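Engineer: Provided below for reference: sequence and predicted model.
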Amino acid sequence: MKEDVSTVGAASPGELLRLLRDGVPRTRSELTAVTGLARSTVRARLDALLDAGLVSDGGSEASTGGRPAGRFVFNARARVVLAAEVGATHATIAVTDLAGTPLAEGRFEQDIAEGPDVVLPRLVAAWRSLLEDADLESMRVAGVGIGLPGPVEHSTGRPNNPPIMPGWDGYDVPGRIGAEFGVPVLVDNEVNLMALGEHTKCFPEAEHLIVIKVATGIGSGFISNGMLHRGAVGAAGDLGHILAPHAGDVPCRCGNTGCLEAVASGSAIAAALRAKGVEAHTSADVVALVRAGNLEAGQAVRQAGRNIGEVLAACVSMFNPSLIVVGGTVALAGEMLLAGVREAIYRRSLPLATGNLRIVPSQAGDDAGVLGAAAMVVQHVLSPDVVDRQLA
């Protein structure tokens, strides 16, 4: 979101940078007028930002008879960010600039169950290779952002009893990666980062939104008042392990029964189809069957959408979002899943909560999580407090 220049007071260098991050070139006189600082103070703080490379010359304004005034603009290429979304069976990595724009991307298969001592060195090697291939090795790294497919205590970056990640519980991911690059390392749940990615890149105007991932498992991320909502210990959004109204006593991998994930995830849909004699083993198999026109697969996906919608209806009544974004592998089946979700939400939620509610497919797609990981790092390393500490 753009900075409200009317609220800028006695700007520190970091606050001055936040003002310039809207991409609008400004002269010293304009910055002096906006901040209320003395011209000499603005000059000193601009010089500090210029020396750090965070601000660059944005050209000169048209002359009105005297010497043209120089303009200054945020330099998004001053540093790069390393970002990764690590799923159960794959990883998406990227190198971005300080605006979160990807400069290089890569994807590869991996198994999260192999543990951190295998997965994390693979990530480091992939990032280094990406930097080399994109001729970005000389760029200074500002920070690293990682999304993982399980609960994460965001304050420490350590996974917290992740059900599909043996060997990861309590592992010091920031410590391991930080030792490689010597920069801040931030870790979060991958669906939280999907929500951040969708919000920052596709739906910046939506102050209250829910992002759902329907794949091997089911998870969600919440944006509230324009900010990612993690909850007290980072457990917010664990949609897949809420009791589904019609799930009965179907066992879930978390150890409980009747969870939404146990009846509506890609793996659950595939299992239900196999029980009917339809060959399906993965979420991708389910999507392929739907796209091929298989009637049973289409019905199963729509019912999964209804199950998800019934749980989401309670979230709509409690949280009152303006937007719900549905992503993940199963969402690639198209309108079948969305139709089921919409059907249940509009049937179960009050008209006041759904009158202006939009339910749409993911716009960022496979890149949502990695874009969110980059955005998480950018928000941290360019926060006024962090910038001021670095410049001091």
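Structural biologist: Received the coordinates, thanks.
Engineer: By mean pLDDT, point me to the weakest helix or strand of the protein.
Structural biologist: strand 55-60 (a mean of 78; mean pLDDT, DSSP states H and E).
Engineer: could you point out which element follows it?
Structural biologist: Going down the chain from strand 55-60, the next helix or strand is strand 70-74, by DSSP states H and E.
Engineer: Quick check: mean pLDDT of stretch 248-256?
Structural biologist: What stretch 248-256 shows for mean pLDDT is 90.
Engineer: Buried by neighbour count: which residues of that stretch qualify?
Structural biologist: Going by neighbour count (16 or more other Cβ atoms under 10 Å), the buried part of stretch 248-256 is 250, 252, 253, 254. From N, CA and C alone the C-beta is placed, and that goes for glycine too.
Engineer: what's the answer for stretch 50-60, then?
Structural biologist: 52, 54, 55, 56, 58.
Engineer: Could you do stretch 92-112 as well?
Structural biologist: Across stretch 92-112, burial judged by 16+ other Cβ under 10 Å covers 92-100, 102-106, 110, 112.
Engineer: next one: stretch 182-196
Structural biologist: So for stretch 182-196, counting by 16+ other Cβ under 10 Å, buried means 183-196.
Engineer: of all the residues you listed, which comes closest to residue 240?
Structural biologist: Of all those, residue 191 has the smallest distance to residue 240: 9.4 Å, by Cβ to Cβ.
Engineer: Okay, and the closest one sits in which element?
Structural biologist: With DSSP H and E as the test, residue 191 turns up in helix 190-201.
Engineer: Mind listing residues that contact the helix or strand following that helix?
Structural biologist: Where DSSP H and E defines the elements, the next helix or strand beyond helix 190-201 is strand 209-214. For strand 209-214, the external contacting residues (Cβ atoms under 8 Å, 6 or more residues apart in numbering) are 190-191, 194-195, 198-199, 203, 218-223, 239, 264-266, 304, 308, 312, 315, 319, 321-331, 337, 341, 362, 368.
Engineer: ok, of those residues, which come out buried?
Structural biologist: Taking 16+ other Cβ under 10 Å as the criterion, what is buried in those is 190-191, 194-195, 198-199, 203, 218-223, 239, 264-266, 304, 308, 312, 315, 321, 323-331, 337, 341, 362, 368.
Engineer: picking up where we left off before, go through the buried residues of stretch 92-112 and name the one nearest residue 86.
Structural biologist: Within the buried residues of stretch 92-112, the smallest distance to residue 86 is 6.5 Å, found for residue 112 (Cβ to Cβ).
Engineer: Next, count neighbours for residue 339.
Structural biologist: Neighbourhood size, residue 339 [other Cβ atoms under 10 Å]: 16.
Engineer: correction: residue 146
Structural biologist: For residue 146, the tally of surrounding residues (other Cβ under 10 Å) stands at 29.
Engineer: Next up, phi/psi of it, please.
Structural biologist: Backbone torsions for residue 146, taken as degrees, to the nearest 10, come to phi -130, psi 130.
Engineer: any idea how far residue 190 is from residue 211?
Structural biologist: 11 Å (Cβ to Cβ, to the nearest Å).
Engineer: Confirm for me that residue 148 is in contact with residue 162.
Structural biologist: Yes - if you go by Cβ atoms under 8 Å, residue 148 and residue 162 touch, sitting 7.1 Å apart.
Engineer: residues making contact with the one helix or strand residue 359 maps to?
Structural biologist: Counting by DSSP H and E, the element that carries residue 359 is strand 358-361. By Cβ under 8 Å, 6+ apart, the list of residues contacting strand 358-361 from outside reads 322, 323, 324, 325, 326, 327, 331, 338, 341, 342, 345.
Engineer: List the contacts of the second one.
Structural biologist: Counting by Cβ under 8 Å, 6+ apart, residue 323 makes contact with 203, 206, 208, 209, 210, 357, 358, 359, 360.
Engineer: Grab the nearest non-local neighbour of the second one.
Structural biologist: Pointing back at residue 206 there. Leaving aside its sequence neighbours, residue 206 sits nearest to residue 323 (Cβ to Cβ, 6 or more residues apart in numbering; 4.5 Å).
Engineer: For that neighbour, give the beta-bridge partners.
Structural biologist: Bridge pairing for residue 323 (DSSP bridges) gives the partners residue 209, residue 358.
Engineer: all strands for the stretch 251-392 of the chain, in order.
Structural biologist: 323-327, 358-361 (DSSP state E, counting those that start in this stretch).
Engineer: hmm, back to that, among the contacts of residue 323, the buried ones, what's the ChimeraX command?
Structural biologist: To isolate the buried ones among these in ChimeraX, judged by 16+ other Cβ under 10 Å, type:
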select :203,206,209,210,357,359
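Engineer: how close does residue 179 get to residue 225?
Structural biologist: Distance, residue 179 to residue 225, using Cβ to Cβ: 36 Å.
Engineer: cool, residue 311 as well?
Structural biologist: From residue 311 over to residue 225 (counting by Cβ to Cβ), the distance is 23 Å.
Engineer: do residue 330 as well
Structural biologist: 29 Å.
Engineer: where does residue 77 land in three-state SS?
Structural biologist: Look at residue 77: counting by DSSP: H, G, I helix; E, B strand; the rest coil, its state is coil.
Engineer: Contacts only, for the residue lying closest to residue 151 once chain neighbours are set aside.
Structural biologist: Leaving aside its chain neighbours, residue 151 sits nearest to residue 160 (4.6 Å; criterion: Cβ to Cβ, 6+ apart). Residue 160 makes contact with 150, 151, 152, 153, 169, 170, 233, 234, 235, according to Cβ under 8 Å, 6+ apart.
Engineer: So in terms of bridging, what pairs with the third one?
Structural biologist: Under DSSP bridges, the beta-bridge partners of residue 152 are residue 159.
Engineer: can you pull the contacts of it?
Structural biologist: Contacts for residue 152 (Cβ under 8 Å, 6+ apart) come out as 158, 159, 160, 162, 187, 188, 189, 234.
Engineer: cool, and the fourth one?
Structural biologist: Residue 153 makes contact with 159, 160, 233, 234, according to Cβ under 8 Å, 6+ apart.
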